[in-house]
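>>> Pasted the sequence and its predicted model underneath.
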Amino acid sequence: MKRQRLNSQESLKKYREALVKARDPNQKVITVCGGTGCIAYGCKKVVEAFKTELEKQGLTDKVKLLVTGCHGFCERGPLVVIRPENLFYQRVKAEDVPEVIEKTVKNGELIERLQYEGKDKKKILKEEDIPFYAKQQRTIFGFNGYVDPKSIDDYIAIGGYSALPKALLEMTSEKIIDEVKKSGLRGRGGGGFLTGAKWEICAAQADQTKYIVCNADEGDPGAYMDRSVLEGNPHSIIEGMLICAKAIGASHAYVYVRNEYPLAVENLGIAIEQARELGLLGKKILGSDVDFDITVNRGGGAFVCGEETALLNSLMGKTGEPHQKPPYPAISGLFGKPTIINNVETWANVPLIISKGSAWFASIGTEKSKGTKIFSLVGKINNTGLVEVPMGMTLREIVYDIGGGILKDKKFKAIQTGGPSGGCLPEEKLDLMVDFDKLTEAGSMMGSGGMIVMDESTCMVDLARYFIDFLKGESCGKCTPCREGLKQMSGILNRICDGNGTEADIETLKDMSETVKDASICALGGTAPNPVLSTIKYFRNEYEAHIRDKKCLAHTCKKLIKFEINQKCTGCTRCVKTCPTTAISGKVKTVHNIDQGKCIQCGVCVDRCPFEAIDVD
Amino acid sequence: MDNAKVDKIVEKHKKDSCQLIGILQDVQKVFNYLPKSALDHLAKKLDIPESQVYNVATFFKAFSLNPRGKHIVHVCMGTACHVRGAKRIMEDVARELSIPEAGGNTKDMEHTVEQVNCVGACALGPVIIYDGEYHGSMTPEKTLKLFKK
């Protein structure tokens, strides 16, 4: 269908009405999650199988196949949801497809083995009743399961781009900024600055040229919510930026997205093209006086580019080195012009605030943190995935009710929030209500929303070393405290993990942390010591065990552990065959022995042994 | 011949030096790495100092100034994979292919191993991506098998 430019509020309304009218609400739709997790599980084969089978059975007219963005429940992928009933199938393989069509789609019969099984062993029928989804409030992320990210019509049909005419034609700039301010929306990228206040500063600048930037350089290891919003519902980001364009008077935007996210780049590119075709990007949008267009820039893979001033440098074709603030980008940013940078999730919230009103948004969440937040719940947790919850939910509810508790029923040890420079919180903090301020008070931070769960087998000293080594590698090297401080801290942590720590090390680490925090130019250095400080605060005993007793309580630091074979050994020789350094010897049916001089503590034997005959101490 | 390929990429980006990162990505896509000749030519073509081109090419992780092997192996070192034992997996890969633990090329240039920060497949951690194909829930044993094909 050749699309016509929509040049007024009325034409958009008519376009939407025609779309809705043409769609049957009772249409059978097979949705297959096409998010990164499900792709890794092989969902593309499932999609192909559905295509082939629907054609074979001559059902292509009656049944719609919809490949969507991420549904969030990555643990159980590939996910298939059959609408309008919302029947939920998990771990679907291509081989299951003919049966799904024959039984469920054609005859309404259920296939038990593909259904989700609750804790009481009862099968759960519908998507919304699964505990993982039931406690979430998916105001942003929920759309993912209903739209084809490559179709602007899908987005418009579910009410997308309805905030746009309101903002462009009915509201003044001041009114838009006022609404965003009143909503209490705070930046979802980690800063937590009031979005409306930032816009107000930018709007007040006299420059004729202003820019908008979408920060999609999601560099936090273990976090992928921005990617999933961008991949699954790119138009919501475009609409958010369009509204801001009117509010501050900008006519061009840049989206800075990680090159490691090819699907996000592709879907966003298609979305921009389609928006241009309909005239939702371009000149005099919907007959208003707003001109606006978007350029997509791919990042080069540097964690520091998540920092706004580093990102701007990178956008100008330079290395991603941050500079001292002030001046803030809202006053002097890209090419020296006033610039608004917001994160993907922040942009996705904007259309909702405009169409549903600031009062609606402010009714969700806590006193100073409004709305919902998407977290990426990963690590030693049963239900790995993306969860969207109202601010103020406790960590316990997120970990146990939604996350389904710890993998293999092990003991919870800590949860790390806020990405590599967040803090680790122990069990006694599980009842903490999650919002910007509560997390900071506890020595961690919101960051962009990573949540990594750890059990008793994670060594907290090793974890602190992991983060400091990561940040040391990602430090741009511009300022001395971050460049040199992290290097020294890494040296001390490595020494402790190797069993060569000294009594003074803990205090030295604390001192250096304070200096790096206070004296670094940007937030990378400013928050980098958090993992060290929080692990010392809550898990000091582990540091002391490494230093005084030369013991790693979690049995992970290699230099401090020893593998030994106990009497359970049946002499099956499996370990002898797999040991890469031929450290294990022993005859068939006799207890084997490990040569400690040759052993490199790789652990292959522990995995291979079916009799739990290898002790780690 | 090679310069012509670079020229084409530069034209695609409208000779805009602000697009340097994107241009370098496209150049790397064509050559599998960033050859010196291409970088020198690029500086001339964009009319910017060579130092700026090299500055950017060496700053960002995505770029490689050395040729890369036939198969690209990415070992995810993201936090979720780390707490599930990614370090051990990396050690196994390094030992099996006789390369440094930080990654690198094998002597026969069959493999290039690179550590990556997060591939967003945390449910499958630890993850190895072999020529774009995901291998999840890796154990030291599965890792050895992957390379003993």
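Okay, I see it. Numbers count the residues shown, from 1 in each chain, chains lettered A, B, ... in the order given.

>>> and the closest residue to chain A within chain B, what does it touch?
Chain B approaches chain A most closely through B:Phe60 (2.8 Å), counting by Cβ to the nearest Cβ. Where you see a C-beta, it was placed from the backbone N, CA and C, and this is true even at glycine. Taking Cβ atoms under 8 Å, 6 or more residues apart in numbering or on different chains as the definition of contact, the neighbours of B:Phe60 are A:299-302, A:319-320, B:21.

>>> quick one, what contacts the closest residue to A:Leu280 other than its chain neighbours?
Ranked by Cβ to Cβ, 6 or more residues apart in numbering or on different chains and with sequence neighbours excluded, the top spatial neighbour of A:Leu280 is A:Tyr161, at 6.4 Å. Listed by Cβ under 8 Å, 6+ apart, the contact set of A:Tyr161 reads A:12, A:155, A:235, A:239, A:280, A:351.

>>> ok, now with 7 Å
Residues counted as contacts of A:Tyr161 (Cβ atoms under 7 Å, 6 or more residues apart in numbering or on different chains) are A:12, A:155, A:239, A:280.

>>> Show me which of those residues is closest to A:Val63.
Top of the list for closeness to A:Val63, among these and by Cβ to Cβ, is A:Tyr155 at 21.7 Å.

>>> Which residues does the helix or strand where A:Arg396 lies contact?
Taking DSSP states H and E as the definition, A:Arg396 sits inside helix A:395-396. Helix A:395-396 is contacted by residues A:415, A:429-432, A:434 when judged by Cβ under 7 Å, 6+ apart.

>>> For ChimeraX, write a command that selects the buried ones of those.
Here the buried members of the contacts of helix A:395-396 are turned into a ChimeraX selection, burial being counted by 16 or more other Cβ atoms under 10 Å in any protein chain shown:
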select /A:415,429,430,432,434
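
>>> The contacts of helix A:395-396 into CSV, with extra columns for secondary structure and pLDDT?
Converted to CSV, these look like this (DSSP: H, G, I helix; E, B strand; the rest coil; pLDDT from 0 to 100):
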residue, secondary structure, pLDDT
A:Ile415, strand, 96
A:Lys429, helix, 96
A:Leu430, coil, 96
A:Asp431, coil, 97
A:Leu432, coil, 96
A:Val434, coil, 96
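
>>> ok, the contacts of A:Tyr161 vs B:Leu146, which is closest?
Of all the contacts of A:Tyr161, B:Leu146 sits closest to A:Tyr155, with 40.6 Å by Cβ to Cβ.

>>> Would you confirm that that closest one contacts A:Ile237?
No - under the criterion of Cβ atoms under 7 Å, A:Tyr155 makes no contact with A:Ile237, lying 11.0 Å away.

>>> These two: who's more crowded?
For A:Tyr155 and A:Ile237, the more surrounded residue by other Cβ atoms under 10 Å in any protein chain shown is A:Ile237, and the numbers stand at 28 against 24.

>>> List the contacts of the strand or helix carrying the more buried one.
When elements are assigned from DSSP H and E, A:Ile237 belongs to helix A:234-248. Contacting residues not belonging to helix A:234-248 are listed as A:143, A:149, A:152, A:155, A:160-161, A:163-164, A:167-168, A:173, A:176-177, A:199, A:202-203, A:210, A:212, A:214, A:230, A:251, A:253, A:267-268, A:271-272, A:275, A:290, A:292, A:294, A:340, A:344, A:347-348, A:350-351, A:354 [Cβ under 7 Å, 6+ apart].

>>> Low-confidence ranges, the chain, go.
Defaulting to chain A. Within chain A, the ranges that satisfy pLDDT under 70 run A:1-2.

>>> Chain B was what I was after
Within chain B, the stretches falling below the threshold (pLDDT under 70) are B:1, B:149.

>>> Which residue is the nearest non-sequential neighbour of A:Glu345?
Beyond its immediate neighbours in the sequence, the residue positioned closest to A:Glu345 (Cβ to Cβ, 6+ apart) is A:Arg188, lying 3.8 Å away.

>>> Got the domain ranges for chain A?
Residue ranges of the domains in chain A are recorded as A:22-130, A:152-357, A:372-455, A:460-549, A:562-616, according to automatic domain parsing.

>>> which residues in the stretch 101-250 of chain A form strands?
Shown for the stretch 101-250 of chain A, the strands assigned by DSSP state E, counting those that start in this stretch span residues A:116-117, A:123-124, A:211-216.

>>> Please list the outside residues in contact with the second one.
It refers to strand A:123-124. A:112, A:115-118, A:130.

>>> returning to what we had before: are any of the contacts of helix A:234-248 buried, and which?
The neighbour-count test (16+ other Cβ under 10 Å) applied to the contacts of helix A:234-248 identifies A:143, A:149, A:152, A:155, A:160-161, A:163-164, A:167-168, A:176-177, A:199, A:202-203, A:210, A:212, A:214, A:230, A:253, A:267-268, A:271-272, A:275, A:290, A:292, A:294, A:340, A:344, A:347-348, A:350-351, A:354 as buried.

>>> Tell me which of the contacts of B:Phe60 fall in helices.
Among the contacts of B:Phe60, the members found in helices (DSSP state H) are B:Ile21.

>>> Tabulate the contacts of B:Phe60 in CSV, adding columns for neighbour count and distance to A:Thr582.
Supplementary listing: the contacts of B:Phe60 in CSV, determined by neighbours: other Cβ atoms under 10 Å in any protein chain shown; distance: Cβ to Cβ, whole Å:
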residue, neighbour count, distance to A:Thr582
A:Gly299, 28, 45
A:Gly300, 24, 43
A:Gly301, 22, 39
A:Ala302, 24, 42
A:Thr319, 23, 47
A:Gly320, 29, 47
B:Ile21, 29, 48
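
>>> Name the nearest of the contacts of B:Phe60 relative to A:Asp518.
Comparing the contacts of B:Phe60 against A:Asp518 with Cβ to Cβ picks out A:Gly320 as the nearest, at 22.8 Å.

>>> Contacts only, for that closest one.
Contacts of A:Gly320 were listed using Cβ under 7 Å, 6+ apart, and they are A:302, A:304-305, A:310-311, A:313-314, A:476, B:59.

>>> Highest neighbour count among those?
Once you tally neighbours by other Cβ under 10 Å, A:Cys305 ends up highest among the contacts of A:Gly320, having 30 neighbours.

>>> backbone phi and psi for the spatially closest residue to that residue that is not a sequence neighbour, please?
What sits nearest to A:Cys305 in space, not counting adjacent residues and going by Cβ to Cβ, 6+ apart, is A:Gly320, at 4.1 Å. The phi and psi torsions at A:Gly320 (degrees, to the nearest 10) take the values phi -80, psi 70.
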